[in-house]
Every structure is written in structure tokens, then in C-alpha cells.
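Colleague: Structure here, sequence nowhere to be found:
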Ligand SMILES: [Fe+2]
């Protein structure tokens, strides 16, 4: 929700007659809103009535079982050890989850003609590898490597990749919206001068002609852990125009402008998105602290209120041994963590870092799935022991 956008044709006044070219039949207006009618919203204008559905049936999707007796400890696992196949929906492997947040990865090996709507959760699809286009009622949204695709709950969409040679996505689901932190906006809603991004860094969908097709179109609808297949009698991307604040958009990790200080600044300085139950921070290449005696590596800390997840994207991570692209570390709330032996000393005098990583701090504990058990680095919890 970075700013107001208008795409395609909309009537001069909302909630008034808007006729098709025949001058008799109406476009069908749909208000798409959050927080009931009190949050941000958009108005979409369809060729056909949006509620039309021909059949509904529940379907089973293979799940990622929870590791029910997993010990409370530090975890390091490699998501790349759990390669998957399938489309952007069926290829998902869940690694971590709680009632507000689900984290999964997928190696997408094929496109699908199915449409998908997550009715229960907002999604961020981080495109680790791959490029393509997202199609939705809002139009076409091109994406490339390291784009965050921010998708509001309830959006009907498809992801189409340019090719499937090496596609990997990291998906973050949230039961509350991904918001831009309040302190990055001024009193008028514009991003402030000291925000780590600017409105033009956020890319909204582009117009495509509405698809006027009747037939049978299959939509997979997710509600919490249940999936349904809806058969729609018309193509869902039948929108002639829309406007408002609620729409999918992209933001590229490389566009994040980090802040540096004289001495070590705490993790909230890397904030990118917030939800009601967790936050997302971006670690990107930056100069280190410039006090002559600064220690660039973080001090040991107990994040007593949050589970800390790091998804490693690229480069050398200065405070951690043995992590690589696709690694995830989980440092649960209430137990201290920080640099491993030698990493603090090694950071002294360093001028810059080229790391790229995404941090997710959840305010309620995460549960691990059997995928973690399968891909974890044994003895990671002992990696701080000084020999
Ligand atoms: Fe931390």
C-alpha cells in the first residue's frame, strides 16, 4: 500500500453507473477492502459479476507435518537441501509456522493454468531466483530476481516464469497486512526523507485488457489449512480498471537504502515491513560503523520477545559461521545469541559488508516442521562453545 494508483478505465464518480460500450449493460463494481470497510481499499470494475461460482469442492494438498517434539534450541537448516517440484503453489515446503506466520520455500518447475487465492493470509513471495510476471485482477506485474512481491489477502493470481531452469521463491504468509512502518511516513502519508525507500521503488501492476472469456476456470482457494477448488464460469481477470490503495506490488531488495552509525545500530534500523505479529528487516551491503574502536559484529543479545529467523540470500554473513545461500537460522526467544567464536574479533577494523539477508522477527513462538529436521545442521546449538 505505498500510494494511490489508478489503472485502466474507472467512472468519474465511485458507486455510480458505469456502462459498457453498448450503453446499456453495467460494469460490475467490486469494493476490495481491509479491516471491514475501515482500512485501505480499491474499487475494481469487472465485465462479469464477481460472486459467480459453478461448483465448490474441498481438495487435499500435501502438507508439511509439524515436528511435534522438537527441542527448544538454535536451528540452522538449508532450504536448498529440500528441493521441490511443481507450480508456485504445489511446490511449497513449509519450514516454520505459527498462528500468524508461515514460512516456506519452493523450487518452481512448471507454470499452471490454475488461479490461486489465499483468502486467509497476505503473502510476500521473495523471488530468490527467477523472473517472470504475476497476473491478477489488477493486471500484469513483472518481477525479477530479489523482488518482494507483496500480495494482499484475497487477490486472485498466477505466477508465470520466464523459464524454470533455476526458480526458487521464499514465501512469507501473514494473517495481518504487510505495512510500511508508520515512522517512515509523514503526516500526509508520503514516505519521509529518512525512510529507507521511496514511492518510486514500489512497482504497481500494469494495465492489461480485460479477458472476456466464458467457460470453466479453476480457482484454488486457501483458507487457513484447508483448500477448495472453485469452478468459475468466466475468466477472473475481467477487470477494465481499478483504483485505490490496495493492490499487489513489487519492491526489490537491492533498492533498500541501509543506514549506518558511528557505533553498532540495533536490528530495527533495518526494518522494511511490519505486521501485527512480526516484522521483516533487510540486511544489505553497507559501510560498517565508523567509530575508530567500533565492533561491527553485533553484541550478544537476548530477544526475549521474539523468535528471530534469518533467510540468507547472498554474500558472506559477518557474524555467522557455516551459513550459505538458502540457509535459515532460527534463534528462539529467551535464549541469548550473537557472533560465533572468532567472529567478533574478525569484524574489528572491517569497513563494509556485502551480505544480503532477510530477517523475520515473530512475536509468538514458531513451530518447526519435519522439513527442518530433514535439512538441519547437526550440533548448530553447540557452535558457540569455545574449544
Ligand atoms: Fe539477533
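Modeller: Structure received. Nothing here was measured: the structure is a model prediction, and the numbers come from that model.

Colleague: What is the neighbour count of the nearest residue to residue 80 once chain neighbours are set aside?
Modeller: Counting by CB to CB, 6 or more residues apart in numbering, residue 80 lies nearest to residue 326, which is 3.8 Å off, once chain neighbours are set aside. The C-beta positions use only the backbone N, C-alpha and C, and glycine is treated the same way. Residue 326 has 21 neighbouring residues, counting by other CB atoms under 10 Å.

Colleague: mind checking how far residue 326 is from residue 191?
Modeller: Distance, residue 326 to residue 191, using CB to CB, to the nearest Å: 31 Å.

Colleague: hmm, back to that, separation between the residue nearest to residue 80 and residue 106?
Modeller: To residue 106, residue 326 is 12 Å away according to CB to CB.

Colleague: So for these two, which residues contact both of them?
Modeller: Counting by CB atoms under 8 Å, 6 or more residues apart in numbering, the common neighbours of residue 326 and residue 106 are residue 168.

Colleague: Residue 323 is in what secondary structure piece?
Modeller: Using DSSP states H and E, residue 323 sits in no helix or strand.

Colleague: I'd assumed residue 77 was in contact with it.
Modeller: No - if you go by CB atoms under 8 Å, residue 323 and residue 77 don't touch, sitting 10.4 Å apart.

Colleague: So if I had to pick from these two, which one is more boxed in?
Modeller: residue 77 (23 against 20).

Colleague: is the more buried one in a bridge, and if so with what?
Modeller: Taking DSSP bridges as the rule, residue 77 bridges to residue 328, residue 376.

Colleague: Cross-check the contact I'm expecting between it and residue 95.
Modeller: Yes - in terms of CB under 8 Å, residue 77 counts as a neighbour of residue 95; the distance is 7.0 Å.

Colleague: what touches both of those two?
Modeller: 328, 371-372.

Colleague: Show me what counts as buried in stretch 100-112.
Modeller: Judged by neighbour count (16 or more other CB atoms under 10 Å), stretch 100-112 contains these buried residues: 100-109, 112.

Colleague: One more: stretch 43-62?
Modeller: Neighbour counts over stretch 43-62 (16+ other CB under 10 Å) mark 43-48, 50 as buried.

Colleague: So which of those residues sits lowest on pLDDT?
Modeller: Ranked by pLDDT, those bottom out at residue 50, which has 95.

Colleague: Quick one: residues contacting that one.
Modeller: By CB under 8 Å, 6+ apart, the residues touching residue 50 are 28, 30.
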